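In: Here you go, sequence then predicted model.
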Amino acid sequence: MFMSCRRRSLAALLAVTIFSISAGAAGAAEDAVVIPPPDVDEAGGSGTETAIFAGGCFWGVQGVFQHVKGVTSAVSGYAGGEAKTAQYETVGTGATGHAESVEVKFDPKEVSYGRLLQIFFSVAHNPTQLNFQGPDQGTQYRSALFVTDAGQRKIAERYIGQLDKAHVFAQPIVTKVSDATGFYPAEGYHQDFLTLNPTYPYIVYNDLPKIENLKSLFPADYRSQPVLVRKGSKG
């Protein structure tokens, strides 16, 4: 049952991707934008911290953060809705409140939350697109930050204001900042998808350029070997 569900889901996504390419739709990866670091950031603490990012299809967002030094875990999943609706097919209806998200655990001594935000806004997605990213349409693909404490909220909100004031992007940032109320890991076949499927058309067209942009714009933060989920993912 798992295999047939997997084939059906991926086949549907592939059909959408091919249609977008053949129709000349705006489906390619967004160009990276060079942006300044946050004016306000956190000092490196001890232990592991957690941040949740939503920026379109979680395959690419997960792939980007898996290549960032200091990140110890990046898991694709769902945030913004209830546990009972945290399944791929249900979230895909756009009626659950969930956004495809990535839970990032990181060592603040190696990479700060502000630096992760800079990478998120610069190369992981386009924060000016409301309820879509490239070929993916719906509220489940919205740009959002689910903050885990008051410190993250302060940094995120000030940074969005800083970037908007500087007119770094041609349009205003639409990223919504909300308190994290729960994160639910996605099905196993979604985990490490970029690394495990580097020739998959959607990945080639939309997501591999993000990894190259990370390497080019953030060379000091880039690591060639990604930190993978592998064990512990459900499916």
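Out: Thanks, I have it. Numbering: from 1, shown residues only.

In: Which helix or strand contains His103?
Out: You called it His, but residue 103 is Glu. Assigned by DSSP states H and E, Glu103 belongs to strand 99-106.

In: Identify all contacting residues around that strand.
Out: For strand 99-106, the external contacting residues (C-beta atoms under 8 Å, 6 or more residues apart in numbering) are 48-54, 56-58, 61-62, 65, 68, 70-80, 91, 113, 116, 139-142, 144, 146, 183, 185-186. In short, each C-beta sits where N, CA and C put it, glycine included.

In: Check this protein and tell me which residue is nearest its centre.
Out: By C-alpha atoms, centre = their mean, the chain has its centre lying nearest to Val61, at 2.9 Å.

In: Surely that one is in contact with Ala124?
Out: Yes: counting by C-beta atoms under 8 Å, Val61 does reach Ala124; the two are 5.2 Å apart.

In: what do the two both touch?
Out: Contacts common to Val61 and Ala124, judged by C-beta under 8 Å, 6+ apart, are 53, 55.

In: Weed out the non-buried ones from the contacts of strand 99-106.
Out: 49-54, 56-58, 61-62, 65, 68, 70-71, 73-80, 91, 113, 116, 139-142, 144, 146, 183, 185-186 (16 or more other C-beta atoms under 10 Å).

In: coming back round to it: so the residue nearest to the centre of the chain: helix, strand or coil?
Out: Secondary structure for Val61, judged by DSSP: H, G, I helix; E, B strand; the rest coil, is helix.

In: Where does the prediction get shaky in this structure?
Out: Scanning the chain for pLDDT under 70 picks out the ranges 1-30, 231-235.

In: Could you rerun that using 80?
Out: 1-30, 43-44, 231-235 (pLDDT under 80).
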